[in-house]
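Novice: with the sequence up front, the predicted model follows.
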Amino acid sequence: MRRREFLSLGSKAAAWPQLRASSPSRYVDVCLVKAGLLGTFLLTLATPAAPQTPLDELIARAKSLELNTPYVPPPGDPLAYHAAGYAKVMCSAVFITGLEPDFAAENVGFFTAPYEVRAILGKPVIDRANQAVHVTLPNGITRTAKYLGSQGCVTLPFGERAVHFTPVAVKSQLPDSATEPWPMGDVLPKEALPAEIDAAKLNAAVEAAFEPPESLTAAFIVTWKGRIIAERYASGVDMRTPLEGWSMGKSVTATLFGVLLEKGVYKLIQPAPIPEWQTPGDPRAKIRIEDLLHMSSGLRIRAPQDPDYDPSGPYPDHVFLYTGGMDSFHYAATRPQQWPANTVGRYRNTDPVLINYLIRLAVEKGGEEYLSFPQRALFDKIGIRTMRIETDPFGNFLGQGYELGCGRDWARLGNLYLQDGVWNGERILPAGYAKFVSTAAPAWVADKRPVYGAFFWINGAGQYPVPRESYYMAGAGGQITMIVPSHDLVVVRMGHYKGEIHGAAALHKALTLLIEATQRHN
């Protein structure tokens, strides 16, 4: 199926049942791209246009630089991976966020378990006694995700009943947040709104973030100069409810790696010391750490966000790195190069997975316990108590997007960057690291897409109604933490996946009002 054909199907609801009946596997592949805002972006790119469009130029440039290396797709049945993704999404929604199963099945987690595919799969079985979720395929095969406490919900390997690591109970060393003032705790000062803030427009922004109800906005938090000036939550959600953040986790990964940079463990310009690349003559040994952070490693996989992505092709590795139930670090490390490093920018999960690999190598080399590292080295330092990064069945953090946290915790992380990596007088991230992550990556600039930095998106194309120097964490389903330095703002919007389209429009209106409500400084 070509991109143009997919566009026509996406615009005709009647075509979906026909496609499902005539070609289930083809239907599954199309659904995969249909899920998510980035999939929607691809639909825009796919609109028929003149022979030589910016998209054509982007693809042609990549072709001219491509290396002669093979592509080996993920093995197995794509529907089994969708079932694994569905089980994991439901497990996290029920056992971490606390959603009702029927609501979760209808509204959350479409990226790894597309909504349309769920009709093919059996209804998830919620095993509360064993804290697990089972999803059965039409052929009788069952995929399972199990809740493991501090490691969240983990997809079990195909045909297996246990994970390949010993779970660790991670405990925060922070006192009860109800007893500590913001930002280290949740107690807010009883002070009037600063005179510099237009209260009417601020209130209008909050209202706009939740309208229409179909936006399914779950949490909206606004801080100004580090102070919470507005927040609101949907029914059943509060300031401590962990919500799915998806690819905002990439920015958490960048932050954890920044902690190691500040300690002098790594340098940005050094070749990435991935063990699988150390054979003499391996060209991947030249890939630098900053190339990985810039999503410019050049490693060969398929991702739904690729400009030339064909949904009729094999199941994409980008999603397999969530749903495969395998050693994600080793899988990413064994992909060949498609382009020389730092030449082509592509949004692919190999790169954040490998940065997480480097984090594990460094932490364990230093004799520290790996699974408690985020809480110990970062979260406890800035008041984060609810965030959980989930793992693969080998105990590797899937920090590319399997994480949950409450809205206030994302606001804390955003403010760490607004303060250039300093918190309560302690430098946590290297000086200038905020500038590094918010500067357009060279390979993306070469592609004429100045919208990506280092595991942070940049408003370089003016896609949001905020100053272009703004940058943000973004996750599928409409999750965002926007950092606007010129207005001293951090804005967090989190919502349930099904509302992403309405939620995007609501966020646009809210941001417009927030910029009007606050004053720009030089």
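Specialist: Structure received.

Novice: ok, the spatially closest residue to Phe373 that is not a sequence neighbour to Pro374 distance?
Specialist: Excluding the flanking residues, the one nearest Phe373 by C-beta to C-beta, 6 or more residues apart in numbering is Val363, at 4.9 Å. Backbone N, C-alpha and C define where each C-beta goes, glycine included. Remark: distance between Val363 and Pro374 (C-beta to C-beta, to the nearest Å) = 10 Å.

Novice: Leu268 too?
Specialist: 20 Å.

Novice: who's more crowded, those two?
Specialist: Pro374 (25 against 18; other C-beta atoms under 10 Å).

Novice: was I right to think that one contacts Thr253?
Specialist: No: the pair formed by Pro374 and Thr253 falls short of the contact definition of C-beta atoms under 8 Å, at 9.6 Å.

Novice: overlap in contacts, the two.
Specialist: By C-beta atoms under 8 Å, 6 or more residues apart in numbering, Pro374 and Thr253 have these common neighbours: Phe397.

Novice: returning to that earlier point: ok, now which ones touch the residue nearest to Phe373?
Specialist: Contacts of Val363 by C-beta under 8 Å, 6+ apart are 369-370, 373.

Novice: read off the pLDDT value for Ile522.
Specialist: For residue 522 the amino acid is Asn, not Ile. As predicted, Asn522 sits at a pLDDT of 67.

Novice: same question, Ile483
Specialist: The model's pLDDT for Ile483 equals 98.

Novice: which helix or strand contains it?
Specialist: Using DSSP states H and E, Ile483 falls within strand 479-484.

Novice: quick one: strands adjacent to that strand?
Specialist: The pairing partners recorded for strand 479-484 under DSSP bridges are strand 471-475 (antiparallel), strand 489-495 (antiparallel).

Novice: contacts for that strand?
Specialist: Counting by C-beta under 8 Å, 6+ apart, 243-248, 251, 410-411, 413-414, 417-418, 438, 464, 466-467, 470-474, 489-495, 507, 511, 515 sit against strand 479-484.

Novice: one more time with 6 Å, if that's ok
Specialist: 245-246, 248, 410, 414, 417-418, 466, 470-474, 490-494 (C-beta atoms under 6 Å, 6 or more residues apart in numbering).

Novice: so can I have JSON lines of the strands paired with strand 479-484 showing mean pLDDT and mean neighbour count?
Specialist: Rendered in JSON lines, the data for the strands paired with strand 479-484 read as follows (pLDDT from 0 to 100; neighbours: other C-beta atoms under 10 Å):
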{"stretch": "strand 471-475", "mean pLDDT": "98", "mean neighbour count": "25"}
{"stretch": "strand 489-495", "mean pLDDT": "98", "mean neighbour count": "28"}
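
Novice: got TSV for those, with distance to Trp224 too?
Specialist: Below are the strands paired with strand 479-484 laid out as TSV (distance: least, C-beta to C-beta, whole Å):
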stretch	distance to Trp224
strand 471-475	16
strand 489-495	6
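
Novice: what's the closest of those to Val72?
Specialist: Ranking those by their distance to Val72 (criterion: C-beta to C-beta) puts strand 471-475 first, at 28.4 Å.

Novice: so for the biggest helix by length in the chain, what gets flagged as buried?
Specialist: When the chain is parsed with DSSP state H, its longest helix is helix 500-517. Across helix 500-517, burial judged by 16 or more other C-beta atoms under 10 Å covers 500, 502-504, 506-507, 509-515, 517.

Novice: ok, these vs Glu57, which is closest?
Specialist: Taking C-beta to C-beta as the measure, Glu57 lies nearest Ala504 of those, at 26.5 Å.

Novice: mind checking how far the closest one is from Tyr331?
Specialist: Taking C-beta to C-beta, one finds Ala504 at 32 Å from Tyr331.

Novice: same check on Ala461?
Specialist: Applying C-beta to C-beta, the value for Ala461 to Tyr331 is 32 Å.

Novice: what about the strands in the stretch 51-200 of the chain?
Specialist: 125-127, 132-136, 142-147, 153-155 (DSSP state E, counting those that start in this stretch).

Novice: isn't Val492 right up against Asp409?
Specialist: No: if you go by C-beta atoms under 6 Å, Val492 and Asp409 don't touch, sitting 9.0 Å apart.

Novice: ok, now which ones touch Leu256?
Specialist: Taking C-beta under 6 Å, 6+ apart as the criterion, Leu256 is in contact with 359, 374, 378.

Novice: can you do 10 Å?
Specialist: 355-356, 359, 363, 373-374, 377-379, 389, 397, 399 (C-beta atoms under 10 Å, 6 or more residues apart in numbering).

Novice: name the helix or strand for it, please.
Specialist: helix 248-262.

Novice: tell me how far that helix lies from the chain's centre.
Specialist: 13 Å (C-alpha atoms, centre = their mean, to the nearest Å).

Novice: buried stuff in that helix?
Specialist: 248-262.

Novice: and it, what's its mean pLDDT?
Specialist: 98.

Novice: kindly report the same for stretch 232-243.
Specialist: Rounded mean pLDDT across stretch 232-243 is 98.

Novice: now the end-to-end length of it.
Specialist: 14 Å (C-alpha to C-alpha, to the nearest Å).

Novice: same deal with stretch 448-460?
Specialist: Using C-alpha to C-alpha, the end-to-end distance of stretch 448-460 comes to 11 Å.

Novice: for it, give the mean pLDDT please.
Specialist: Stretch 448-460 comes out at a mean pLDDT of 97.

Novice: distance from that stretch to the middle of the chain?
Specialist: Centroid separation between stretch 448-460 and its chain, computed with C-alpha atoms, centre = their mean, is 15 Å.

Novice: could you give me the buried positions within it?
Specialist: Those would be 449-460, for stretch 448-460 by 16+ other C-beta under 10 Å.

Novice: got a list of what the residue nearest the centre of the chain touches?
Specialist: Centroid-nearest residue in the chain, with C-alpha atoms, centre = their mean: Ser247, separated by 0.5 Å. For Ser247, the contact set (C-beta under 10 Å, 6+ apart) comprises 36, 38, 111, 253, 347, 349, 352, 399-403, 455, 457, 473-477, 479.

Novice: now those residues: which count as buried?
Specialist: Applying 16+ other C-beta under 10 Å to the contacts of Ser247 flags 36, 38, 111, 253, 347, 349, 352, 399-403, 455, 457, 473-477, 479 as buried.

Novice: and those residues, which of them are in strands?
Specialist: Per DSSP state E, strands hold the following members of the buried ones among the contacts of Ser247: 403, 457, 473-475, 479.

Novice: fine, thanks again, bye for now.
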